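Engineer: Below is the sequence, then the predicted model.
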Amino acid sequence: MDAPLANLSAALSEAVRSVGREEVMPRYLKVAHAHKADGSVFTEADLAAQHALTSRLQSIAAVPVLAEEQTDAEQQVIWEAASETGLWCVDPIDGTTNFVSGLPFFAISVALIRAGRPVLGVVYDPAADELFAAWAGGGATLNGVALPLRSPPPELGRCVAGIDFKRLPRDLAIRLVANPPYASQRNLGASALDWCYLAAGRLHVYLHGGQKVWDYSAGWLILTEAGGQAETLEGASFWAGSPWICSVRASLNRSLQESIRVWIASAPGG
């Protein structure tokens, strides 16, 4: 019989903290970087963290590991072969551009996925020593404190929004710049932490044009276990489409989710 998710969460949290302390932070500001074929940045720290995580995760639950730094073909095979026993989904350093630029906003993100849905997730910010964790039905926490930390404003016009303009549809991005429906906007450069900041109440709504499964799997679980809502930009079920590219419209409560949906739909022809 599987170990209870609460026990797995404790083991996962310790493993991820260890990798952050031993593999990631000692290399912060000290490693060269290169670019992958898609233009994204990677470093020796990504590879070292991925290797260390793979070893530690296998000792927690002996299921395949799908990680960002694998090839597309490897990722596809692992995802399609996953069964009820599940797989680990890993981003060894989410926010690598921040990491190599000296911006202390990056994280390790790990989720255990079963039957196509995350059941366990941890996102660890080693620079701030903040560990966000959740398991299905168990709520979400930040360093052991229940999320959200604070409630969002009741009106969209008073909210702080996390917006990734670069990946949004061009017309929507232009509308948001020209006539924002929220009070203020941030684009922090690490998707997994964006989800967690939303779950904590540090952000209140979140829009992104397309993420891959390692960007959102742990964060989605943490947000939803904190009581948040997530759909695609078009309003479809978040997990209905391809795991390799999924847009995001998310909020900390249903009222704000409806408010941003209505605003997006109010465009001419929307």
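Structural biologist: Cool, the structure landed.
Engineer: Mind pulling up the pLDDT for the residue lying closest to Thr232 once chain neighbours are set aside?
Structural biologist: With Cβ to Cβ, 6 or more residues apart in numbering as the measure, Ser247 is the residue that lies nearest to Thr232, at 4.8 Å, once sequence neighbours are left out. Where C-beta positions appear, they are placed from N, C-alpha and C, glycine not excepted. The model reports Ser247 with a pLDDT of 95.
Engineer: now the one 5 residues further on
Structural biologist: For Leu252, the model assigns a pLDDT of 93.
Engineer: Next secondary structure after the host helix or strand of Ala111?
Structural biologist: Secondary structure assignment for Ala111, by DSSP states H and E: strand 107-114. Per DSSP H and E, the first helix or strand lying C-terminal to strand 107-114 is strand 117-125.
Engineer: Okay, buried residues for that next one please.
Structural biologist: 118-125 (16 or more other Cβ atoms under 10 Å).
Engineer: who's in contact with it?
Structural biologist: Strand 117-125 is contacted from outside by 5, 8-9, 12-13, 16-17, 20, 86, 89, 94, 105-113, 130-136, 192-193, 195-196, 217-222, 239, using Cβ atoms under 8 Å, 6 or more residues apart in numbering.
Engineer: Turn the buried ones among these into a named PyMOL selection, would you?
Structural biologist: Those of the contacts of strand 117-125 that count as buried under 16+ other Cβ under 10 Å are selected in PyMOL with:
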select buried, resi 5+8+9+12+13+16+17+20+86+89+94+105+106+107+108+109+110+111+112+113+130+131+132+133+134+135+192+193+195+196+217+218+219+220+221+222+239
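Engineer: Identify the residue spatially nearest to Ala133, adjacent ones excluded.
Structural biologist: Nearest non-adjacent residue to Ala133, counting by Cβ to Cβ, 6+ apart: Val122, 4.9 Å away.
Engineer: Please enumerate the helices of the stretch 1-150 of the chain.
Structural biologist: For the stretch 1-150 of the chain, the helices defined by DSSP state H, counting those that start in this stretch occupy 5-19, 44-60, 72-81, 96-101.
Engineer: Out of the ones you listed, flag the one nearest Glu231.
Structural biologist: Among the helices of the stretch 1-150 of the chain, the nearest to Glu231 by Cβ to Cβ is helix 72-81 (21.8 Å).
Engineer: Please, which helix or strand holds the residue nearest the centre of the chain?
Structural biologist: When Cα atoms, centre = their mean is applied to the chain, the residue found nearest the centroid is Ala192 (2.5 Å). Here Ala192, judged by DSSP H and E, is contained in helix 191-200.
Engineer: what's the helix or strand following that helix in contact with?
Structural biologist: Note on helix 191-200: by DSSP H and E, the next helix or strand toward the C-terminus is strand 205-211. The contact list for strand 205-211 (Cβ under 8 Å, 6+ apart) reads 156, 159, 161-164, 166-169, 172, 176, 182, 191, 194-195, 198, 233, 245-252, 256-257, 260.
Engineer: Gly235 touches Glu258, doesn't it?
Structural biologist: No: using Cβ atoms under 8 Å, Gly235 makes no contact with Glu258, being 10.3 Å away.
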